[in-house]
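> next one to model:
(chains A, B, C and D)
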4 protein chains.
Amino acid sequence: MSDDGNQATRDYKRNSWWDTRIIDMEPGVIRFSGYPIEELIGNVGFVQMIWLMLRGELPSRGQAELLEAALLAGVDHGPQAPSIGIARMAITCGVGLNNAMASAINTLGDVHGGAGEQAVELFRSIAAAKANGTPLELATREQLAAFTVAHGKFIPGFGHRFHPVDPRAPRLMELVRIAAVDGIVSGQFRDIGLAIESALSDEKRRKRVPMNIDGATAVIYAELGFPAPLARGLFCLSRAVGILAHAWEQQQQGGRNKGPIPRDELPSYSGPPPRPVPDGI
Amino acid sequence: MSDDGNQATRDYKRNSWWDTRIIDMEPGVIRFSGYPIEELIGNVGFVQMIWLMLRGELPSRGQAELLEAALLAGVDHGPQAPSIGIARMAITCGVGLNNAMASAINTLGDVHGGAGEQAVELFRSIAAAKANGTPLELATREQLAAFTVAHGKFIPGFGHRFHPVDPRAPRLMELVRIAAVDGIVSGQFRDIGLAIESALSDEKRRKRVPMNIDGATAVIYAELGFPAPLARGLFCLSRAVGILAHAWEQQQQGGRNKGPIPRDELPSYSGPPPRPVPDGI
Amino acid sequence: MSDDGNQATRDYKRNSWWDTRIIDMEPGVIRFSGYPIEELIGNVGFVQMIWLMLRGELPSRGQAELLEAALLAGVDHGPQAPSIGIARMAITCGVGLNNAMASAINTLGDVHGGAGEQAVELFRSIAAAKANGTPLELATREQLAAFTVAHGKFIPGFGHRFHPVDPRAPRLMELVRIAAVDGIVSGQFRDIGLAIESALSDEKRRKRVPMNIDGATAVIYAELGFPAPLARGLFCLSRAVGILAHAWEQQQQGGRNKGPIPRDELPSYSGPPPRPVPDGI
Amino acid sequence: MSDDGNQATRDYKRNSWWDTRIIDMEPGVIRFSGYPIEELIGNVGFVQMIWLMLRGELPSRGQAELLEAALLAGVDHGPQAPSIGIARMAITCGVGLNNAMASAINTLGDVHGGAGEQAVELFRSIAAAKANGTPLELATREQLAAFTVAHGKFIPGFGHRFHPVDPRAPRLMELVRIAAVDGIVSGQFRDIGLAIESALSDEKRRKRVPMNIDGATAVIYAELGFPAPLARGLFCLSRAVGILAHAWEQQQQGGRNKGPIPRDELPSYSGPPPRPVPDGI
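A predicted model of the protein is given here:
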């Protein structure tokens, strides 16, 4: 960026078409929620900064550690995941890392990244029923039934197409248990998560339906008081790390216009047989 | 995600069309660079994880702290920045947080986020000339001249359209100085950054051209041994935080189809005057 | 693209993980719905090709002309529209035309481009009620009431924040009227659109709520038998033209990192006042 | 969109931060290059409108037909192409058609869509040398050599990894030949394209390197006077059709989180073997 005239004395008019509580600036000054940036740098961690930007206040150390664990846990699940596969394919098309990242992050929608958001909503509905006096087990069954009616058979946060037990979930839940013992969080959403796991397994006697990464991070986000949509936003920050790493690795490996299938293969075709274009179309 | 059959005994064929060193998986197992995910969670920080994913090994604590400072410093520069403005506008169009983030991160290109990448390349060219025996001041002038011929008059990392002195840069450079004293980094890129600042100010006698956020983070990324393109990728991870925060805030504020200018204004028009469509077109 | 070995005799295995009815290929051969590409080029128009790709069969000439009118009508609504503003801002960040287009098209969501999709659904619900014997005026009132309960007060396709009468709608509706007279379409959705216009105006006695571009194109897409979600997809193809044109124009005009507000302005700030970062955070 | 107050008498201030020649609006009025939209709808074709938006004037019928052929020819090349594969994968992640389209269009970069842009630049460099008096064959060899030095061994527009002869190119070139005979274009870029084809085949005696879709459409765009970067933009408008069609088809087929490889496969792993996380990290 180049210096452009005598900045320090320029009058800046405040345009209220855009208003924010997040950041304030004047020439030579940047403050986040009132905190000068030069006091934050080197004194506050990146995860604490993420919290400050989203919540307006700094978190306690215990809160930040729990958020840190959730963010770390979701960074990647391999090139067979569509977000990661897309990042790797995009970079071979000659676009920049920022573009490959964007194409991939864009897909963290209702099915691929929104599961955490839906899980937080489900947990909170159970917590609300509990707060109204319904016992946990009954509240869980009732809300699961209502959820299934509204959204279909997939319960967000539980089960996994690939892992019999998702190795990330028990570890995260243990950190929540410890944080509850230490008084950093209440632990009520961990209890709710365990109750859902139990209810789902009751219903499918021959196999368990254990909590997965979306469910475990949703427990953490709910314990920490994040609104449900931010579960998706935070998953995007987390998964962006794996997306960048894989795009970078693919760029180093090379390849041009790399598509989803190997070069000696073609998709199968199930459309009309060869036919001529009619005259006078 | 739903459980889908008896996972533990399924045979997975390895498809070498996609190969990675970053992550390995089998049912129930996820390892990053050989480290089991459940050992990383709660023991390794998010910034250390970012390093592991990009570099293949864990960083030292000092290295992670310097990276943490660089990531924190770049998170946001307000709604007048195109990336942030785009995030805020996008969310009012009824798309998800992941989509608003993607539209915005996509713009962190050569001019808006790529400055850090170019600055790292410039610094490294000066370091290479130094390593060949050219004194720092001469190497700096020569490489600046070569850069200007190749890329034009904007020197990435220096000067700022808004800030007489970018408040983020001196603080970051101080952390580099301390890290060099502690032997965590060499400090040679800080020296190079200061030499460029000096050379640019010599040439424009009436005003200084101080280092900005792109230059200061580029010093850090160069000191930490990151390849130049990853300066852009890391800036994307950093700026994604501000992008998310502003999209979220705008979503809370409401607004529908919010464009760049207030509703009682229109763009100016400088095209042809009104005219009829010709017949027989 | 470079030639890579002896293509004509390479064996291509068909991989059914991806299956399509749209296109089939072998070395030297490309067919769309069975039609060889070299027979389509120069004999079939671009809009007929769009229809073929989406529907699997070629349209009649009258059908193509109506679709053509709808696509033309939606191409642009000026830089104050968020999609167009975003395209213009993005290109000044140093990304390619494809990237500026992508960031913008990405925002054609529920509020900015999805209105056409919702309008088609509304029209079809009224048509279904009519088919069950309910008179048009009653069916219209009932479905409008149900829609408002489900989706809120904004009726997609009607009214406009800027235009007392959207100049695009009457012209499109006239083309539908003529096409119905010519037997190309039934005209029932035009009748439904007029019935909604009438019902909305009845309810707000002091002003009319005329059909807008989303409503008029939705009438056309419904008349032509397109599923509701394709109303959004077709709007994306249409608006992509204006998005490209504005990104290109902005690239010609220049500008670096152009944000939403003029350079002598700042957003207003409504967050906490200046405060120091606490110790021991 | 909803009606919002008494529009017809509202004063709109013109904000020159955004200026355009493309479109002008006042309440009830929309004009493109001075032409009222209601006169364009139904009288001008979609491809003529594309030309008007990009060039500021309407094309002749012959010019529009040639552009139409180029746009039609590039709409799709199957799910093994990264742009198409990405669109199909993205839609299974629960995002909207506009989002799946955006993620895919975003990848039409230097390697996947930019070939046409580079080919136009190459053709124009040969035309400029010819205009300076160099005979066509010599100008072709010289510019090819210069291009290879600057950009590497891939000559954009020629050869194809899959097709021995790209079936789209001869048909497009024939339309150019006819248009030159009819005086609609000069035909000089067709001559240049043939000269490059000849020069490349001379150099690789055992096989031909015929023109591909990027080269043939580049001939058309050059003949029609489009600046080179618009070759990429126009390819984006063209490929957007196939991107939409495949995203729509995949949405109809179903699938959740569909990644690039079949579900019984995993990527190969070539990173470090299992190892424990060190203490005290």
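> enumerate every residue touching the nearest residue to A:Pro273 once chain neighbours are set aside.
The shortest distance from A:Pro273 to any non-neighbouring residue, by CB to CB, 6 or more residues apart in numbering or on different chains, is to C:Gly34 (5.5 Å). Quick note: C-beta positions are derived from backbone N, CA and C, even for glycine. Contact analysis of C:Gly34 by CB atoms under 8 Å, 6 or more residues apart in numbering or on different chains lists A:Gly271, A:Pro272, A:Pro273, A:Pro274, A:Arg275, C:Asp24.
> what does A:Val47 give?
A:Ala64, A:Leu67, A:Glu68, A:Leu71, B:Gly45, B:Phe46.
> need these in TSV (columns: secondary structure).
Putting the contacts of A:Val47 into TSV (DSSP: H, G, I helix; E, B strand; the rest coil) gives the following:
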residue	secondary structure
A:Ala64	helix
A:Leu67	helix
A:Glu68	helix
A:Leu71	helix
B:Gly45	coil
B:Phe46	helix
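> and which of those is nearest to C:Ala216?
A:Leu71 (46.8 Å; CB to CB).
> ok, that closest one - contacts?
A:Val47, A:Ile50, A:Leu234, A:Leu237, A:Ser238, B:Phe46.
> anything in the helix or strand hosting A:Arg239 near chain C?
Assigned by DSSP states H and E, A:Arg239 belongs to helix A:228-253. No - among the residues of helix A:228-253, none lie within reach of chain C under CB under 8 Å from any CB of the partner chain; the closest is 14.1 Å away.
> next one: stretch A:107-121
No - using CB under 8 Å from any CB, stretch A:107-121 never reaches chain C; the gap is at least 11.2 Å.
> quick one: end-to-end distance for that stretch.
21 Å (CA to CA, to the nearest Å).
> next one: that stretch to chain centre, how far?
Distance of stretch A:107-121 from the chain centroid (CA atoms, centre = their mean, to the nearest Å) equals 7 Å.
> returning to that earlier point: and which of the contacts of A:Val47 is nearest to D:Glu265?
Relative to D:Glu265, and with distances defined as CB to CB, the nearest of the contacts of A:Val47 is A:Leu71, at 29.0 Å.
> from A:Asn15, how far off is the closest one?
34 Å (CB to CB, to the nearest Å).
> thinking again about what came up before, following element in sequence after the helix holding A:Arg239, please.
Per DSSP H and E, the helix or strand that comes after helix A:228-253 is strand A:265-269.
> near chain D, which residues of the stretch 101-250 of chain A? Just list them.
So far as CB under 8 Å from any CB goes, the stretch 101-250 of chain A lies against chain D at A:102-104, A:106-114, A:154, A:161.
> most neighbours out of the residues you listed, which is it?
If you count neighbours using other CB atoms under 10 Å in any protein chain shown, the busiest of these is A:Ala104, which has 37 neighbours.
> nearest to B:Gly85, of the contacts of A:Val47?
Out of these, the member with the shortest distance to B:Gly85 (by CB to CB) is A:Leu71, at 25.9 Å.
> re the thing from before, farthest pair in the contacts of A:Val47?
Going by CB to CB, the pair spanning the contacts of A:Val47 furthest: A:Leu67 and B:Gly45, at 11.2 Å.
> still on that earlier bit, who wins on neighbours among the contacts of C:Gly34?
Counting by other CB under 10 Å, top hit in the contacts of C:Gly34: C:Asp24 with 22 neighbours.
> in which helix or strand would I find that residue?
Per DSSP H and E: C:Asp24 is located in strand C:23-26.
> and chain D, is that strand touching that?
Yes - where contact is defined by CB under 8 Å from any CB, part of strand C:23-26 touches chain D, namely C:Ile23, C:Met25.
> mind listing what that strand pairs with, with the direction of each?
Paired neighbours of strand C:23-26 in the sheet (DSSP bridges): strand C:29-32 (antiparallel).
> following the partner strand, which helix or strand comes up?
strand C:35-36.
> that following strand close to chain A?
Yes - for strand C:35-36, a contact with chain A is found by CB under 8 Å from any CB, at C:Tyr35, C:Pro36.
> helices or strands up against the very next helix or strand once past that strand?
Using DSSP H and E, the next helix or strand after strand C:35-36 towards the C-terminus is helix C:37-40. Taking 3 or more CB pairs under 8 Å, 6 or more residues apart in numbering or on different chains; DSSP states H and E as contact, the helices and strands that helix C:37-40 lies on are strand C:29-32, helix D:168-181.
> tell me the mean pLDDT for helix C:37-40?
For helix C:37-40, the per-residue pLDDT values average out at 98.
> need the residues that contact it.
By CB under 8 Å, 6+ apart, helix C:37-40 touches A:276-277, C:30-32, C:49, C:52, D:72-73, D:167-168, D:170-171.
> nearest to chain B among these?
D:Leu72 (20.4 Å; CB to the nearest CB).
> what number of residues lie near that closest one?
Count around D:Leu72 with other CB under 10 Å applied: 28.
> just the angle between whatever helix or strand A:Ala129 lives in and helix A:228-253, please?
In this assignment (DSSP H and E), A:Ala129 forms part of helix A:115-131. Relative orientation of helix A:115-131 versus helix A:228-253 (axes from the mean of the first three to the mean of the last three CA atoms, to 10 degrees): 160 degrees.
> packing partners for the lengthiest strand in chain A?
Ranked by residue count and defined by DSSP state E, the top strand of chain A is strand A:13-20. Using 3+ CB pairs under 8 Å, 6+ apart as the contact test, the elements touching strand A:13-20 are helix B:228-253, strand C:265-269.
> adding mean neighbour count, write these out as a markdown table.
Putting the helices and strands packed on strand A:13-20 into a markdown table (neighbours: other CB atoms under 10 Å in any protein chain shown) gives the following:
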| stretch | mean neighbour count |
| --- | --- |
| helix B:228-253 | 25 |
| strand C:265-269 | 19 |
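> export those to TSV and append columns for mean pLDDT.
Shown next, in TSV, are the helices and strands packed on strand A:13-20 (pLDDT from 0 to 100):
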stretch	mean pLDDT
helix B:228-253	97
strand C:265-269	94
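> now these as JSON lines including distance to chain A?
What follows is the helices and strands packed on strand A:13-20, written out as JSON lines (distance: least, CB to the nearest CB, whole Å):
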{"stretch": "helix B:228-253", "distance to chain A": "4"}
{"stretch": "strand C:265-269", "distance to chain A": "4"}
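> in TSV: those, plus distance to A:Ile84.
Listed next are those as TSV, based on distance: least, CB to CB, whole Å:
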stretch	distance to A:Ile84
helix B:228-253	15
strand C:265-269	35
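> who's in contact with the residue in the stretch 151-281 of chain A that chain C sits nearest to?
Nearest to chain C in the stretch 151-281 of chain A, going by CB to the nearest CB, is A:Gly271, at a distance of 3.3 Å. With contact set as CB under 8 Å, 6+ apart, A:Gly271 has these partners: C:Thr20, C:Arg21, C:Ile22, C:Ile23, C:Asp24, C:Ser33, C:Gly34, C:Gly56.
> specify which member of those residues is nearest to D:Ala150.
Distances from D:Ala150 to those, taken by CB to CB, are shortest for C:Ile23, at 34.6 Å.
> burial of the closest one, as a residue count?
So C:Ile23, with other CB under 10 Å, has 24 neighbours.
> and A:Lys153, helix, strand or coil?
coil.
> quick one: low-confidence ranges for the stretch 51-200 of chain A?
Judged against pLDDT under 70, the stretch 51-200 of chain A has no low-scoring part.
> so where do the strands sit in it?
Using DSSP state E, counting those that start in this stretch, no strands are assigned anywhere in the stretch 51-200 of chain A.
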